[in-house]
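>>> sequence and computational prediction follow.
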Amino acid sequence: MKRLVTVLAAAVPLAAALYVPSASAAPDGSATASYGCTTPAPKAPAGTQVESVTAVAHAAGTVDVPAVFPLGENHVPDVPAFCDVTVTLTHPGQGDHARVRVWLPAQKWNGRLQTLGGSAYAAGDYGTGLAAAVRNGYAAATTDAGVSSYIDTGWALKGDGRVDTALLENFASRSEHEAALVAKEVVAGHYDRAASYSYFNGCSTGGRQGYAEAQAYPDDYDGILANAPAVNWDDFEVATLWPQVVMNEEKTYPTGCEFKAFTDAAVQACDTQDGARDGLLADPGACGYDPRRLIGSTVECDGEQLTITAADAEVVRLIWDGPRTPSGEKLWPGVPVGADLSALAGTVVDGTGRRVGAPFPVPAGWVSSWVEKQSVPNVQAITYERFAQLFEQSRAEYDTIIGTDDPDLSGFRKAGGKLLTWHGSADQYIPAEGTVRYRQQVEQRMGGARKVDDFYRLFLAPGAVHCGLSGSTDDLAALTAWVEHGKAPRTLAATLTNASGRTISRNLCPYPSVSRYQGHGDTADAASFRCGPATRR
């Protein structure tokens, strides 16, 4: 359980990096006006009914966010007074109950709406992100889509064993769009004027939701901040079960210490490809480190000396290479070189003293509940052949519902929207290569990189883990400057952590360029690097 809580805490972006605007940015005197807390009467979006509406006034102070498994409670201090409006929607005949929450600052509203996305199987925010947004002057919104928390997949199947397609559609995109409509109406009614600008902010599942909005509902938001996006959901959720399938099929279960030894060796070997020994891989795909080089070396793990075997090296090679069919056809990118292998290739010692696989619950839940339509995962029974079948089945059944991979963003471009994304090159859960592939497909569909850069920019963060830049880059400020002042971000200033744990600064480069050392200066200083072409692609 301790490991589960730890990995989910790393994977769930609960506190978004929020822009703090000045009071002068709020139009029409809203920075000094004061507002009460009355129950609104919003219209039901098309196809829905409003089941209930509540409004609760909250005094200024600390917002206590209750524990939501597997995360503990959280406390956000110094939140100004706000009105918490909850609108519950249902789609008649479908039995769902989706809550939309809108938090409205009583004073010093900055004139903007910010909607918060979710993480894993949670469709929205439980209060931490909402409180942070209100603290920074935003009216804030989120939706639970009528589903459960981060790793609860109990809503996947109906009592007769069939997939609950209504809830899946809610989770995939429908509820996010309806939340945008409801939130805008609640904001306009509360403040007697519409928000000047509307933004979406999410990472992981929230990142996927942002892309879904740009693809299917291009008029909902002026700006979308969608980081480490879980696009290609039907593909990568199965693909991220690959490390467990590899260990089971190869009957070899390396410890976390052994996995770390391979990662450290690869980073050491490929570190200087960007011109500097800085403990970061600017372009992990260019690292051709052969894990067999580590065979015969020893690793100390919990006081025990372990010897790296050929079987260990083969497991790592297969995980880095990524899932393939039994005939060798590549299905999806593997875990990036430099990322924590034990996140998806987790192991535990069972009651008999044997080391066995411990699957990450998000892909295990997707495969068992939605693909195999079973309530209990049985990952150990998945062979290489069965894995390929599950991969194709997931794609066939769910791509149009939750794939979120439509490269036609012409509607979003026409609406004047801006889409900003960063993705860590050491993302241990969602390979950045999937996001790169999507960006390439958009370029092919929409006239090339320069035209796409006019409204959609992708930044890759060397060494950053899943959602690992939240709070260490001013990404929302960059997005608001782009939307409101036409200042497209040329780089994103970020604080990174290298392989040795040292904190360094970097200016993240827009895809496809990467950061390169200039040959002089402190390698921990962003000023010593410039953006240049990658060594491959």
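Everything's here; your move. Numbering: from 1, shown residues only.
>>> C-alpha only now, for contacts and for neighbours.
Noted.
>>> list the buried residues of stretch 62-76.
62, 63, 70, 74, 76 (16 or more other Cα atoms under 10 Å).
>>> most widely separated two among the residues you listed?
62 and 70 (22.1 Å; Cα to Cα).
>>> in what helix or strand does residue 246 lie?
helix 242-250 (DSSP states H and E).
>>> which elements pack onto that helix?
With contacts defined as 3 or more Cα pairs under 8 Å, 6 or more residues apart in numbering; DSSP states H and E, helix 242-250 has these neighbours: helix 310-321, strand 355-357, helix 384-402.
>>> could I get the ones you listed as CSV with mean neighbour count?
Output for the helices and strands packed on helix 242-250, formatted as CSV (neighbours: other Cα atoms under 10 Å):
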stretch, mean neighbour count
helix 310-321, 20
strand 355-357, 20
helix 384-402, 17
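>>> for residue 218, which of these is the nearest?
For residue 218, the closest of the helices and strands packed on helix 242-250 is helix 384-402, at 16.8 Å, according to Cα to Cα.
>>> with just CA atoms, put that closest one into PDB.
Below are the C-alpha coordinates for helix 384-402, written out as PDB (Å, rounded to 0.1, in the frame of the first residue of the first chain):
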ATOM      1  CA  TYR A 384       2.900 -11.900 -25.600                       C
ATOM      2  CA  GLU A 385       0.300 -13.200 -28.000                       C
ATOM      3  CA  ARG A 386      -2.600 -12.300 -25.800                       C
ATOM      4  CA  PHE A 387      -1.100  -8.800 -25.200                       C
ATOM      5  CA  ALA A 388      -1.100  -8.100 -28.900                       C
ATOM      6  CA  GLN A 389      -4.800  -9.200 -29.100                       C
ATOM      7  CA  LEU A 390      -5.700  -6.900 -26.200                       C
ATOM      8  CA  PHE A 391      -3.900  -4.000 -27.700                       C
ATOM      9  CA  GLU A 392      -5.800  -4.300 -31.000                       C
ATOM     10  CA  GLN A 393      -9.100  -4.900 -29.200                       C
ATOM     11  CA  SER A 394      -8.700  -1.800 -27.100                       C
ATOM     12  CA  ARG A 395      -8.000   0.200 -30.200                       C
ATOM     13  CA  ALA A 396     -10.900  -1.200 -32.100                       C
ATOM     14  CA  GLU A 397     -13.400  -0.700 -29.300                       C
ATOM     15  CA  TYR A 398     -12.400   2.600 -27.800                       C
ATOM     16  CA  ASP A 399     -10.300   4.700 -30.100                       C
ATOM     17  CA  THR A 400     -13.300   6.800 -31.300                       C
ATOM     18  CA  ILE A 401     -14.600   7.200 -27.700                       C
ATOM     19  CA  ILE A 402     -11.400   8.000 -25.700                       C
END
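>>> report pLDDT for the most centrally placed residue in the chain.
Nearest to the mean C-alpha position of the chain, by Cα atoms, centre = their mean, lies residue 204 at 1.2 Å. On pLDDT, residue 204 comes in at 98.
>>> please verify my assumption that it contacts residue 121.
No. Counting by Cα atoms under 8 Å, residue 204 does not reach residue 121; the two are 10.3 Å apart.
>>> my read is residue 422 is in a helix, agree?
No. In this structure, residue 422 is strand, not part of a helix, as judged by DSSP: H, G, I helix; E, B strand; the rest coil.
>>> what's the neighbour count on it?
For residue 422, the neighbour count with other Cα atoms under 10 Å is 29.
>>> residues in contact with it?
226, 227, 228, 458, 459, 460, 461 (Cα atoms under 8 Å, 6 or more residues apart in numbering).
>>> so what's the last one closest to, chain neighbours aside?
Beyond its immediate neighbours in the sequence, the residue positioned closest to residue 461 (Cα to Cα, 6 or more residues apart in numbering) is residue 424, lying 4.5 Å away.
>>> show the backbone phi and psi for residue 433.
Main-chain dihedrals, residue 433, degrees, to the nearest 10: phi -60, psi -30.
>>> to what extent is the closest residue in space to it that isn't next to it in sequence buried, counted in neighbours?
Of all residues not flanking residue 433 in the chain, residue 333 sits nearest, at 6.6 Å (Cα to Cα, 6+ apart). Neighbour count of residue 333, defined by other Cα under 10 Å: 21.
>>> how much space is there between residue 333 and residue 203?
20 Å (Cα to Cα, to the nearest Å).
>>> and if you look at residue 45?
From residue 45 to residue 203 the distance is 26 Å (Cα to Cα).
>>> also residue 102?
Residue 102 is 19 Å from residue 203, by Cα to Cα.
>>> quick one: which of those two has more around it?
Comparing residue 102 with residue 203 by other Cα under 10 Å, the one with more neighbours is residue 203, at 32 against 28.
>>> what are the bridge partners for the more buried one, then?
residue 227 (DSSP bridges).
>>> that one touches residue 211, doesn't it?
No. Here residue 203 lies out of contact with residue 211, judged by Cα under 8 Å, at a distance of 10.6 Å.
>>> common neighbours of the two, please.
226, 229.
>>> what packs against whatever helix or strand residue 443 lives in?
For residue 443, the host element (DSSP H and E) is helix 432-445. Under the contact criterion of 3+ Cα pairs under 8 Å, 6+ apart, helix 432-445 touches strand 418-424, helix 449-453.
>>> could you export the ones you listed as a markdown table, including distance to residue 285?
Conversion of the helices and strands packed on helix 432-445 to a markdown table gives the following (distance: least, Cα to Cα, whole Å):
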| stretch | distance to residue 285 |
| --- | --- |
| strand 418-424 | 13 |
| helix 449-453 | 21 |
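>>> looking at these, which is buried most?
Comparing these by mean neighbour count (mean count of other Cα atoms under 10 Å), strand 418-424 ranks first with a mean of 26.
>>> let me see the ranges of the helices in the stretch 51-200 of the chain.
128-135, 165-169, 175-191 (DSSP state H, counting those that start in this stretch).
>>> nearest to residue 387 among the ones you listed would be which one?
Nearest of the helices of the stretch 51-200 of the chain (Cα to Cα): helix 165-169, 22.6 Å.
>>> check which residues of the closest one are buried.
166, 167, 168.
>>> do stretch 294-307 as well
Quick answer for stretch 294-307 (16+ other Cα under 10 Å): 294, 299, 306.
>>> same thing with stretch 135-155?
135-153.
>>> where are the low-confidence patches of this protein?
Across the chain, the ranges flagged by pLDDT under 70 are 1-32, 535-537.
>>> how close does residue 526 get to residue 491?
Counting by Cα to Cα - residue 526 and residue 491 are separated by 11 Å.
>>> mutual contacts of those two, please.
residue 507.
>>> more neighbours: these two, which one.
Ranked by neighbour count (other Cα under 10 Å), residue 526 and residue 491 place residue 526 first, with 19 against 16.
>>> dump the residue contacts of the closest residue to that one other than its chain neighbours.
Leaving aside its sequence neighbours, residue 526 sits nearest to residue 506 (Cα to Cα, 6+ apart; 4.2 Å). Residue 506 sits next to 493, 494, 495, 496, 524, 525, 526, 527, 529 when contact means Cα under 8 Å, 6+ apart.
>>> quick check: angle from the helix or strand where the second one lies to strand 418-424?
In this structure, residue 494 is located in strand 492-497 according to DSSP H and E. Relative orientation of strand 492-497 with respect to strand 418-424: 20 degrees, computed using axes from the mean of the first three to the mean of the last three Cα atoms, to 10 degrees.
>>> tell me the first helix or strand C-terminal of strand 492-497.
strand 503-510.
>>> run the chain-centre distance for the host helix or strand of residue 209.
Applying DSSP H and E as the criterion places residue 209 in helix 205-216. The gap between where helix 205-216 is centred and where its chain is centred comes out at 10 Å by Cα atoms, centre = their mean, to the nearest Å.
>>> contact partners of it?
116-124, 172-173, 176-177, 200-202, 220-221, 224-231, 404, 406-409, 411-412, 419.
>>> swap the cut-off to 7 Å and go again
Contacts with helix 205-216, where a contact means Cα atoms under 7 Å, 6 or more residues apart in numbering, come from 117-120, 173, 177, 200, 202, 224-231, 404, 406, 408-409, 412.
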